[in-house]
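*Asks:* the amino acid sequence is not available; the structure is as follows:
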């Protein structure tokens with residue numbers, strides 16, 4: 001059985017800013033190296049993220065739209081912490097926590113499938129079937 005260790009994705013876009021102007025072509029290729037233990041689901045996530053990054057850079061008008069969702073679903077969620085026993089978990093927080101993706105509405109998962117999401121000083125991400133949250137470091141004032 002062969003295993004994909006890296007892939008390259010490229011896309012281009014040609015636009016004419018206005019009548020009488022020259023056509024402008026943009027093209028971007030990304031090479032993504034996958035982690036050693038990458039699953040099929042992880043590969044699909046990497047493909048989706050790569051395409052999303054390229055589309056954002058190219059300014060594709062057809063780029064998939066991010067669904068509307070209520071950010072309070074993430075900010076006020078009762079997050080889990082570390083495992084304390086069989087099926088038991090300590091209480092987490094928005095600063096560091098996780099929960100299974102089936103505990104969130106589909107709209108939230110669709111947004112997180114596009115890549116990590118920043119709300120205030122918190123980063124939310126979908127890793128496999130787990131939604132994770134962590135507080136990002138604040139820049140120190142001089």
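*Replies:* Done, it's in. Worth saying up front: this structure is predicted, and the values here are computed from it rather than measured. Numbers count the residues shown, from 1 in each chain.

*Asks:* how is the chain divided into domains?
*Replies:* Using automatic domain parsing, the domain parsing of the chain gives 6-58, 72-135.

*Asks:* start to end distance for the last one?
*Replies:* So the one you mean is domain 72-135. With Cα to Cα, to the nearest Å as the measure, the ends of domain 72-135 fall 16 Å from one another.

*Asks:* what mean pLDDT does that domain get?
*Replies:* Average pLDDT, domain 72-135: 92.

*Asks:* distance from that domain to the middle of the chain?
*Replies:* On the basis of Cα atoms, centre = their mean, to the nearest Å, domain 72-135 sits 13 Å off its chain's mean C-alpha point.

*Asks:* re the thing from before, most tightly surrounded among the domains of the chain?
*Replies:* Neighbour counts (mean count of other Cβ atoms under 10 Å) averaged over each of the domains of the chain peak at domain 72-135, with a mean of 14. Where you see a C-beta, it was placed from the backbone N, CA and C, and this is true even at glycine.

*Asks:* thinking residue 113 is in contact with residue 48, fair?
*Replies:* Yes. In this structure residue 113 lies within contact range of residue 48 using Cβ atoms under 8 Å: 6.3 Å.

*Asks:* what segments of this structure are strands?
*Replies:* For the chain, the strands defined by DSSP state E cover 6-15, 24-33, 80-85, 88-91, 96-100, 117-119, 122-127, 130-135.

*Asks:* using a markdown table, lay out those together with distance to residue 43.
*Replies:* Shown next, in a markdown table, are these (distance: least, Cβ to Cβ, whole Å):
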| stretch | distance to residue 43 |
| --- | --- |
| strand 6-15 | 8 |
| strand 24-33 | 9 |
| strand 80-85 | 27 |
| strand 88-91 | 29 |
| strand 96-100 | 21 |
| strand 117-119 | 21 |
| strand 122-127 | 14 |
| strand 130-135 | 17 |
